[in-house]
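Chemist: model the following, please.
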Amino acid sequence: MKREHGYNLVEVIIATAMLGIVALTIFTMFVMGRRNIYSGKQASQAVAIGTQVLEDLAPMNKQMVYNGAFGIADTATGAALTLPRVSGLAAPTWANARVRSTNPNIMPSAPADISTQNTPPGLLTRWTSLIAGKLTNPSVTVVLDPQVDTAGNSPVQFKTAQLLHIRVFVRWTESGRQREVVLDTVKAF
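Modeler: Predicted structure coming up:
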């Protein structure tokens, strides 16, 4: 008779609870893994877009950057600039910079100089096409910050600047949060 003795109800309930906890943990790991893979894919897309933006600007000389692509006069200076902050990060600020963006909150209307002239189809148009469908609520913002004025002008003028610091922000929304990738380069003239 002792051989036919089975498990009691308490043992079955404990075993079922342990199985449920282990199964829930494994299921949660799969869900979190999928979310992390998606997030990594989005970040990789943003880096690729930012890299393409920098590659678009790389072959340009001083005149092509200022007059051709961005419509900045030689004697122009920048202005104080603060970009909207991304959740949890401090808002980036510059004392003397120019900005071009596909984000209507940063630039309500795209300037004609970058949209259509001298660089058909235009850099903003090209970058808007580049980000379309790849990220959720995407934008590309380029900040031009002239550095080291050879003529001693203060603030630094674009014409006499020896260096141009270019910062590219690629922003998108993921899981209800704003995310961004920032890439920098410096052009020497």
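
Chemist: which intervals of this structure have sub-threshold pLDDT?
Modeler: 1-4, 107-121 (pLDDT under 70).

Chemist: quick one: the helices in it?
Modeler: 9-57, 62-63, 112-115, 123-131 (DSSP state H).

Chemist: nearest the geometric middle of this protein, what residue?
Modeler: Val170 (1.9 Å; C-alpha atoms, centre = their mean).

Chemist: need the contact list for Pro155.
Modeler: Pro155 makes contacts with Thr77, Gly78, Ala95, Asn96, as judged by C-beta atoms under 8 Å, 6 or more residues apart in numbering. Placement of C-beta: from N, CA and C, glycine included.

Chemist: rerun that using 10 Å as the cut-off
Modeler: Thr77, Gly78, Ala79, Ala80, Ala95, Asn96, Ala97, Pro146, Asp149 (C-beta atoms under 10 Å, 6 or more residues apart in numbering).

Chemist: roughly how far apart are the fifth one and Gln147?
Modeler: Spatial separation of Ala95 from Gln147 under the definition C-beta to C-beta, to the nearest Å is 11 Å.
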